[in-house]
Every structure is written in structure tokens, then in C-alpha cells.
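Visitor: I need the structure of the sequence given here:
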Amino acid sequence: MVEIQTIIKNRAGIHARPAAMIVQTAGKFKSRIFLQNGDDRINAKSIMGIITLGAGFESRIRIIAEGDDEADAAAAIERLFVNRFEEE
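Guide: Numbers count the residues shown, from 1 in each chain. Next comes the predicted model:
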């Protein structure tokens, strides 16, 4: 299992476009991938789950990946956050 903590840096937080980018990226991997905001943990392959996570600007998000390609999966999702979902 790989866990990475990141912070949402784009001002709009996670809305429909970033959620779609996360789901698209997560779908490329076999591992189970989760995003956790506080006590709420959702499947990163579920667009509705991501949107309902309610993760706004400067929220601390934990990326959790479990499976054969877990390190690559977690790193790919983290890159989306680091690059601010290409919004800024």
C-alpha cells in the first residue's frame, strides 16, 4: 500500500473537470485507488464519489493506492494535484 499526502492548490478545488481528470488517470491502473479528505474515503475511479468529497482549496488529501502498480498509480494522481489540474 502506498499513501501520499497532498494539498489542493487550485483555487476552485475539486470540481467536475478535475474530478474527470482523476477518474481518467485512475482508470489507467489496476490498483485500487482512494482519496481521503478527513474521515471521508472515496474510490478515485468514481466521479460522483470525488465530487461529493467536497475538497476545496487548501484541503489536505491523502492518496491511497493498493495493488500491483500502486506506486505508479499514486504518483500519477499526485502529479494532477501538483500541476493544479492544469488550471493555473
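Visitor: List the residues that contact the residue lying farthest from the centre of the chain.
Guide: The outermost residue of the chain, judged against the average C-alpha position, is residue 68 (18.2 Å), by C-alpha atoms, centre = their mean. Residue 68 makes contact with 30-31, according to C-beta atoms under 8 Å, 6 or more residues apart in numbering. (C-beta placed from N, C-alpha, C; glycine too.)
Visitor: i'd like the first residue to be 209 from this point on
Guide: Got it, first residue is 209 now, which makes that one residue 276.
Visitor: Could you list the buried residues of the helix ranked longest in the chain?
Guide: Longest helix in the chain by number of residues, with DSSP state H as the criterion: helix 278-290. For helix 278-290, burial by neighbour count (16 or more other C-beta atoms under 10 Å) applies to 278, 281-282, 284-286, 288-289.
Visitor: Could you report the neighbour count for residue 258?
Guide: Per other C-beta atoms under 10 Å, the neighbour tally for residue 258 reads 25.
Visitor: Surely residue 209 and residue 282 touch.
Guide: No. If you go by C-beta atoms under 8 Å, residue 209 and residue 282 don't touch, sitting 9.4 Å apart.
Visitor: which residues do those two both contact?
Guide: Residues touching both residue 209 and residue 282 (C-beta under 8 Å, 6+ apart): 272-273.
Visitor: Tell me which other helices or strands the longest helix of the chain touches.
Guide: Secondary-structure packing of helix 278-290 (3 or more C-beta pairs under 8 Å, 6 or more residues apart in numbering; DSSP states H and E): strand 210-215, helix 224-234, strand 240-245, strand 268-274.
Visitor: next one: it to chain centre, how far?
Guide: Helix 278-290 sits 8 Å away from the centroid of its parent chain (C-alpha atoms, centre = their mean, to the nearest Å).
Visitor: repeat for stretch 281-294
Guide: Relative to the centre of its chain, stretch 281-294 is centred 7 Å away, using C-alpha atoms, centre = their mean.
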